[in-house]
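[1] A predicted structure for the sequence below; I have some questions about it.
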Amino acid sequence: VGDLAKEGELYEGFDEEYECPILDEDRVIDELEDKMSDGGVIIDYHGCDFFPERWFHIVFVLRTENSFLYDRLESRGYKGKKLQDNIQCEIFQTLYEEAVSSYREEIVHQLPSNTPEDLERNLDQIMQWIEQWMKDNN
């Protein structure tokens, strides 16, 4: 979604406090609607409450221990309120709770995302799920 927004300039302003553009969620939905109706699309974004439930068969929420997350975000240049808010978001499971309240709970799954090994396991697990879904639904 970040790349799509950048390419199409799908923003409605700039947040000075967080030092980042403000996503125009309605324009993102409009841009993705046709692609999503065709199926076979994976959406990668740090929030989900504005995406229509009908788009998804499964939702994966990547979770990171705060010691890993702090270093990761700091290395990306996050600081001050932006860094602290992202850490708090993980502590309070904000994105997981958002996913569970936005979609059927049985389609929402948490995956650890601390290490490169976790990334490999997650990719394998997601691929296995896709393969099984295709067998069951084609």
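    Now that the structure is in, tell me what you want to look at.
[2] and N86, how many neighbours?
    Applying other CB atoms under 10 Å, we find 21 residues neighbouring N86. From N, CA and C alone the C-beta is placed, and that goes for glycine too.
[3] my guess is it contacts Y78. True?
    Yes - contact status for N86 versus Y78: in contact at 6.4 Å, counting by CB atoms under 8 Å.
[4] kindly state the domain boundaries assigned to this protein.
    1-40, 46-137 (the TED database).
[5] now do the same end-to-end measure for the first one.
    Between the opening and closing residues of domain 1-40 we find a distance of 15 Å, counting by CA to CA, to the nearest Å.
[6] picking that back up, need the domains of the chain in CSV with mean pLDDT, can you?
    Listed next are these as CSV, based on pLDDT from 0 to 100:
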stretch, mean pLDDT
domain 1-40, 95
domain 46-137, 95
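[7] and the lengthiest helix in the chain, C-alpha only, in PDB?
    Determined from DSSP state H, the single longest helix within the chain is helix 116-137. This file holds the C-alpha atoms of helix 116-137, laid out as PDB (Å, rounded to 0.1, in the frame of the first residue of the first chain):
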ATOM      1  CA  PRO A 116      15.200 -13.400   9.500                       C
ATOM      2  CA  GLU A 117      14.400 -17.000  10.500                       C
ATOM      3  CA  ASP A 118      10.900 -15.800  11.500                       C
ATOM      4  CA  LEU A 119      10.500 -14.200   8.100                       C
ATOM      5  CA  GLU A 120      11.400 -17.500   6.300                       C
ATOM      6  CA  ARG A 121       9.000 -19.500   8.500                       C
ATOM      7  CA  ASN A 122       6.200 -16.900   8.000                       C
ATOM      8  CA  LEU A 123       6.700 -17.100   4.200                       C
ATOM      9  CA  ASP A 124       6.500 -20.800   4.300                       C
ATOM     10  CA  GLN A 125       3.400 -20.800   6.500                       C
ATOM     11  CA  ILE A 126       1.600 -18.200   4.200                       C
ATOM     12  CA  MET A 127       2.500 -20.200   1.100                       C
ATOM     13  CA  GLN A 128       1.200 -23.400   2.700                       C
ATOM     14  CA  TRP A 129      -2.000 -21.600   3.500                       C
ATOM     15  CA  ILE A 130      -2.400 -20.300   0.000                       C
ATOM     16  CA  GLU A 131      -1.800 -23.700  -1.500                       C
ATOM     17  CA  GLN A 132      -4.400 -25.300   0.800                       C
ATOM     18  CA  TRP A 133      -6.900 -22.600   0.100                       C
ATOM     19  CA  MET A 134      -6.500 -23.000  -3.600                       C
ATOM     20  CA  LYS A 135      -7.000 -26.800  -3.300                       C
ATOM     21  CA  ASP A 136     -10.100 -26.300  -1.200                       C
ATOM     22  CA  ASN A 137     -11.600 -23.500  -3.400                       C
END
